[in-house]
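Participant: predicted structure and sequence below. I'll ask about it afterward.
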Amino acid sequence: MTLPIALFLAFGFCFGLATYSNRHLFSEGPTQRRDKSEPTPLLDGRVMWTLTCTLLWPLMVLTGLNTWWILSRRRAVAAR
């Protein structure tokens, strides 16, 4: 029973690290980068995103698929 839980958390952690730069596609985070000169709190960035995805990656996948579908429909309509 411990192995499935560990795999779930490990996949979520890797998912969070891989998708941090595209978090706006999951309806989270800014669409543009902030000025680098501003200090950011520890939990306002990659750490928080990774922690969130570690536990909620199935919901994030569904949200990402929904965003992908909406954006593809918009491109199809715009191409007409």
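Facilitator: Received it, and whenever you're ready, just let me know what you need. Residues are numbered from 1 along each chain as shown.

Participant: now do the helices in the chain.
Facilitator: Secondary structure of the chain (DSSP state H): helices located at 2-19, 46-79.

Participant: give the contact list for the residue found closest to residue 55 once you drop the neighbours it is linked to in the chain.
Facilitator: Once flanking residues are discounted, residue 55 sits nearest to residue 12: 6.4 Å by Cβ to Cβ, 6 or more residues apart in numbering. Yep, even glycine has a C-beta here, placed from its N, CA and C like the rest. Residue 12 sits next to 53-57 when contact means Cβ atoms under 8 Å, 6 or more residues apart in numbering.

Participant: reformat the residues you listed as a markdown table; add pLDDT, neighbour count and distance to residue 24.
Facilitator: A markdown table is the format used below for the contacts of residue 12 (pLDDT from 0 to 100; neighbours: other Cβ atoms under 10 Å; distance: Cβ to Cβ, whole Å):
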| residue | pLDDT | neighbour count | distance to residue 24 |
| --- | --- | --- | --- |
| 53 | 92 | 26 | 14 |
| 54 | 94 | 18 | 19 |
| 55 | 94 | 14 | 20 |
| 56 | 93 | 15 | 17 |
| 57 | 92 | 20 | 17 |
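
Participant: Throw these into TSV and include distance to residue 73, thanks.
Facilitator: Listed next are the contacts of residue 12 as TSV, based on distance: Cβ to Cβ, whole Å:
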residue	distance to residue 73
53	25
54	31
55	30
56	25
57	25
